[in-house]
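Trainee: kindly generate the corresponding structure for this input.
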Amino acid sequence: MSRRIIYKINERPEYLVTEEEWDEIKRLQHWYNSEFSWSTGKLAFKRYILFPNVDEFSGLDTPIWEIIRERKAKLQGQGYSEHEIIGQLERDRLVVVKWGGYFDDCLASGFTRVADNEWNAFLVCDFLLKVSTLLPHVMIEIHDEGRFVRTKRLWLRDAVAMVPRRKRSSGPWDRVVKEKRFFACVDPKKYERHPVFRNSIPGFNDMEIEERRALVRNWNWLGFDNSDDYDDSRPGGLANLNLKLRGIDFFD
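Mentor: Numbers count the residues shown, from 1 in each chain. Down below sits the predicted model:
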């Protein structure tokens, strides 16, 4: 599968997020997903993932999702918040909830497949930078399977790049901290007509060997290999997310 950018807020007692704060994040996420073109995946920062409890509610005349929808509507009418509704549906055994999103031990988490679209990688991190200002009391962890994030992994708090103290003097971290360039610079125009990522090629098995080689000769389209935007020495005129950082700090 194509390269992802993974984002997490770890579960900690001091990391409390209100319904109003998360509503702002959802609105921001919807705007990014609607306003920009995404060639592989979209933003998916989630506090929970729902699964219908088909084991206990199978074989009924009314589909399980219809029962869930009616129950949610009733609870909404009674003034319950979104978080309270999900908790009640779980207690009603209508749903199985994966709290914290896609990853374990998280308050919220998600990932976006970007493949080799570095402009989409920029947008993901730009969104997360804004989220960090909406939740200034938490630390957001970012893991780039490619190379837009120059250190592969980075933490943000209130738009400040947070660096693990133990890594401060290590190879790539030392250089990036001195240069204050945690993100690669990107030319958005380069990706205006970027092809949509595909997991399969129709009729591939029926192609001649020469046709197959022509299609798969460059595996960098998956986005894991070096990008020619990475470590660009000509930031002028390019989208430079480093300019939006408020500073650098260290944590243990």
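Trainee: contacting residues around stretch 162-176?
Mentor: The set of residues external to stretch 162-176 that reach it, using C-beta atoms under 8 Å, 6 or more residues apart in numbering, is 139, 150-151, 154-156, 177, 182, 248-252. To be clear about C-beta, it is placed using only N, CA and C from the backbone, and glycine gets the same treatment.
Trainee: list only buried entries from these.
Mentor: The neighbour-count criterion (16 or more other C-beta atoms under 10 Å) marks 139, 150-151, 154-156, 177, 182 among these as buried.
Trainee: right, and out of the residues you listed, which lies closest to Tyr48?
Mentor: The closest of the buried ones among the contacts of stretch 162-176 to Tyr48 turns out to be Met139 (C-beta to C-beta; 20.3 Å).
Trainee: who's in contact with the closest residue in space to that closest one that isn't next to it in sequence?
Mentor: In space, not counting the residues next to it along the chain, Met139 is nearest to Arg157; the distance is 4.8 Å by C-beta to C-beta, 6 or more residues apart in numbering. When contacts are counted by C-beta under 8 Å, 6+ apart, Arg157 is found next to 132, 136, 138-140, 249.
Trainee: now Val196
Mentor: For Val196, the set of contacting residues under the criterion of C-beta under 8 Å, 6+ apart consists of 39-40.
Trainee: again with Glu145
Mentor: Going by C-beta under 8 Å, 6+ apart, the list of residues near Glu145 reads 3-6, 152, 223-224.
Trainee: please name the bridge partners of the residue nearest to Met139.
Mentor: Judged by DSSP bridges, the bridge partners of Arg157 are Val160.
Trainee: what's the distance between it and Trp221?
Mentor: The span separating Arg157 from Trp221 equals 34 Å under the rule C-beta to C-beta, to the nearest Å.
Trainee: just give the nearest non-adjacent residue to Lys152, would you?
Mentor: Counting by C-beta to C-beta, 6+ apart, Asp144 is the residue found nearest to Lys152 once chain neighbours are left out, at 5.8 Å.
Trainee: circling back to that earlier point, among the buried ones among the contacts of stretch 162-176, which are located in strands?
Mentor: 154-156 (DSSP state E).
Trainee: that older thread, what number of residues lie near the residue nearest to Lys152?
Mentor: Other residues within reach of Asp144 by the criterion other C-beta atoms under 10 Å amount to 24.
Trainee: are we agreed that Gln8 is in a helix?
Mentor: Actually, residue 8 is Lys rather than Gln. No. Applying DSSP: H, G, I helix; E, B strand; the rest coil, one finds Lys8 to be strand, outside a helix.
Trainee: before we move on, back to that, now the contacts of Arg157 as TSV including pLDDT and distance to Val96?
Mentor: Written out in TSV, the entries for the contacts of Arg157 read as follows (pLDDT from 0 to 100; distance: C-beta to C-beta, whole Å):
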residue	pLDDT	distance to Val96
Ser132	98	31
Pro136	96	33
Val138	97	26
Met139	98	29
Ile140	98	27
Asp249	96	39
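Trainee: quick one: which of those is nearest to Gln88?
Mentor: Using C-beta to C-beta, Val138 is the member of the contacts of Arg157 that lies nearest Gln88, at 25.8 Å.
Trainee: what about the nearest residue to Ala159 once chain neighbours are set aside, neighbour count?
Mentor: Closest residue in space to Ala159, ignoring its immediate chain neighbours: Arg246 at 4.3 Å, by C-beta to C-beta, 6+ apart. Close neighbours of Arg246, defined as other C-beta under 10 Å, add up to 14.
Trainee: and Arg246, backbone torsions?
Mentor: Here the main-chain torsion angles of Arg246 (degrees, to the nearest 10) amount to phi -90, psi -10.
Trainee: just to check, it is in contact with Lys180?
Mentor: No. Arg246 is beyond contact range of Lys180, at 11.4 Å (criterion: C-beta atoms under 8 Å).
Trainee: if we can go back for a sec, for the contacts of stretch 162-176, name the two members farthest from one another.
Mentor: Once C-beta to C-beta is applied, the contacts of stretch 162-176 give Arg150 and Asp252 as the farthest pair, at 22.2 Å.
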